[in-house]
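[1] coordinates only, sequence not included:
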């Protein structure tokens, strides 16, 4: 059976109440109200900073990722930090999505700034981050395989508590890139997607997302690499289509669904955080859904 914690008012109320309790007793839940995104800077990594990082093999190119360290992070203190790794959306001006790693926000909203947060690029063949789709998929996968273990080793990230998340294009990438092969699939302790999911619909104009039957053949192989781990699928308004799509695959993972009423969280568009309901900024504001997500996160990461 699909574990549908956002489906049925009694169940959702339980998740909200659990989250409120955790907000009181769990030390990482330090935020209430609106979160303020950290400003990306070209500086050395340090507490409370979100910095541009160009790895040695990409010096001289425009390929880069973003690294954020929590405000109380200290070098060499022996603490193991959970890590949130994010892939962001396509360049889609209508929704305000730029396709740039520096403009991602889902991971910050998930962790409230209290985890190590890494936004990885889709590596293009032109020496730049790809702002639409995967760039070169195999190279993008290799970038993650190389850099996530290095980031954990250098900054005290807990390799057993690395969560993969994504918005829009990034939500599809959670599986398409994050479960591309057995090696990369082993990096993740759990998964969060918002708005879209790998295999639900055909992506016309791409070589990988059409025809639908062929696309779904590959999706099935990726879903098998979940190997029972926890997956939280968030969707603006309703995840009904994703639930229906995954019903034949419910034995492959611990799926949880969270319907996100973006129109209630943001009374109008455009606003100071988002110009369109298709947005990763909903987690920057207080809502029952944010509380439910954080409660799920506590369970998965054992916080």
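    Happy to help now that I have it. Only a predicted model underlies this, so the values are computations on that prediction, with no experimental measurement involved.
[2] hey, where'd the strands end up in the stretch 201-303 of the chain?
    Ranges of strands within the stretch 201-303 of the chain are 230-236, 254-260, based on DSSP state E, counting those that start in this stretch.
[3] check those strands for me and report the most buried one.
    strand 230-236 (a mean of 24; mean count of other Cβ atoms under 10 Å). Using the backbone N, CA and C atoms, a C-beta is placed for each residue, glycine as well.
[4] contacts for that strand, please.
    The contact list for strand 230-236, computed with Cβ atoms under 8 Å, 6 or more residues apart in numbering, reads 190-195, 197, 239, 242, 246, 253-260, 262, 277-278, 282, 289, 293, 296-297, 299-300.
[5] pull out the buried members of those residues.
    Taking 16 or more other Cβ atoms under 10 Å as the criterion, what is buried in the contacts of strand 230-236 is 190-195, 197, 239, 242, 246, 253-260, 262, 277-278, 282, 289, 293, 296-297, 300.
[6] pLDDT at residue 303, what is it?
    For residue 303, the model assigns a pLDDT of 81.
[7] that one and residue 210, how far apart?
    40 Å (Cβ to Cβ, to the nearest Å).
[8] same check on residue 108?
    Distance from residue 108 to residue 210, by Cβ to Cβ: 33 Å.
[9] what about those two, which has more around it?
    Shown here are residue 108 and residue 210; by other Cβ atoms under 10 Å, residue 108 has more neighbours (25 against 14).
[10] what phi and what psi does the backbone show at the more buried one?
    In terms of degrees, to the nearest 10, the main-chain angles of residue 108 are phi -70, psi -40.
[11] who touches stretch 193-207?
    106, 133, 165-172, 174-176, 209-212, 215-216, 219-220, 222-223, 231-236, 241-242, 245-246, 260, 278, 280.
[12] from those, which ones fall inside helices?
    Cross-referencing those against helices under DSSP state H gives 106, 169-172, 174-176, 212, 215-216, 219-220, 222-223, 241-242, 245-246.
[13] tell me what the residue nearest to the spatial centre of the chain is bridged to.
    Centroid-nearest residue in the chain, with Cα atoms, centre = their mean: residue 165, separated by 1.7 Å. Beta-bridge partners recorded for residue 165 (DSSP bridges): residue 86, residue 192.
[14] and the longest helix for this structure?
    From DSSP H, the single longest helix across the chain is helix 137-155.
[15] and that helix, what does it pack onto?
    In terms of contacts (3 or more Cβ pairs under 8 Å, 6 or more residues apart in numbering; DSSP states H and E), helix 137-155 is packed against strand 65-68, strand 81-87, strand 116-119, strand 157-167, helix 182-185.
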